[in-house]
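**Student:** fold the following for me, if possible:
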Amino acid sequence: MNDFQRDLLFLLHDVARLVRVDADKRAREHGMTRAQWGILIWLDRQPGISQKELSELLEVEPITVARLIDRLETRGLVERRPDPRDRRIWRLHLLPPAKGLLLEINLQRADMTRIITAGIEPNTLETMTEALIRMKSTLTQDNQPARRLSDADPRESV
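**Tutor:** Next up, the predicted model:
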């Protein structure tokens, strides 16, 4: 394997892309989209989240979430409820039929995890998970590149 094939950034990108492609295929087999599955998962984890908060979590425009919610609402999976303190805000909640679908989504996710981790030792998976959590934390801490020590104002030194 050459250096190009071992490039961490390309590997992360390629693995994420392949997981998305597989998830898209699985969602389509159930008459849905990966984005709709993602919304159902988030609503299960955070009932009552607002459309705006959900759009921030998914990193998409609020209108995109609104359209996806419209489709899920039409299917009887999600409902919008007015916020008791601010009538401009809609809170999103799963309806009972979504619970059965979430069981299927979780089965699909478990199968995907089983496939992509086949042959990897549990301790290696734990190390990978911890490393990815650290990478994510580093990237989301400030959304700003860390200042190099040489760029720092000497008055900021301890």
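**Student:** sketch out the low-pLDDT regions of this structure for me.
**Tutor:** Along the chain, the parts satisfying pLDDT under 70 run over 1, 142-158.
**Student:** all strands of it, in order?
**Tutor:** Shown for the chain, the strands assigned by DSSP state E span residues 78-82, 90-94.
**Student:** tell me which of those sits most buried.
**Tutor:** Greatest average neighbour count among the strands of the chain goes to strand 90-94 (a mean of 18), per mean count of other Cβ atoms under 10 Å. For glycine as for every other residue, the C-beta is placed from the backbone atoms N, C-alpha and C.
**Student:** now K52. Nearest residue, chain neighbours left out?
**Tutor:** Closest residue to K52 apart from its sequence neighbours, by Cβ to Cβ, 6 or more residues apart in numbering: P62 at 5.7 Å.
**Student:** that neighbour contacts L68, correct?
**Tutor:** No. P62 is beyond contact range of L68, at 10.7 Å (criterion: Cβ atoms under 8 Å).
**Student:** more crowded one of those two?
**Tutor:** L68 (21 against 14; other Cβ atoms under 10 Å).
**Student:** distance of the more buried one from A35?
**Tutor:** 6 Å (Cβ to Cβ, to the nearest Å).
**Student:** of the strands of the chain, which is nearest N106?
**Tutor:** Closest approach to N106 among those is made by strand 90-94 (13.6 Å; Cβ to Cβ).
**Student:** count the neighbours of E56 for me.
**Tutor:** 13.
**Student:** where's it relative to T64, distance?
**Tutor:** Distance from E56 to T64, by Cβ to Cβ: 12 Å.
**Student:** go on, L54?
**Tutor:** Distance, L54 to T64, using Cβ to Cβ: 10 Å.
**Student:** so these two - more neighbours on which side?
**Tutor:** Legend: neighbour count by other Cβ under 10 Å for L54 and T64, higher for L54 (21 against 13).
**Student:** and the more buried one, how far from Q108?
**Tutor:** With Cβ to Cβ as the criterion, L54 and Q108 are 21 Å apart.
**Student:** for R85, same thing?
**Tutor:** Distance from R85 to Q108, by Cβ to Cβ: 37 Å.
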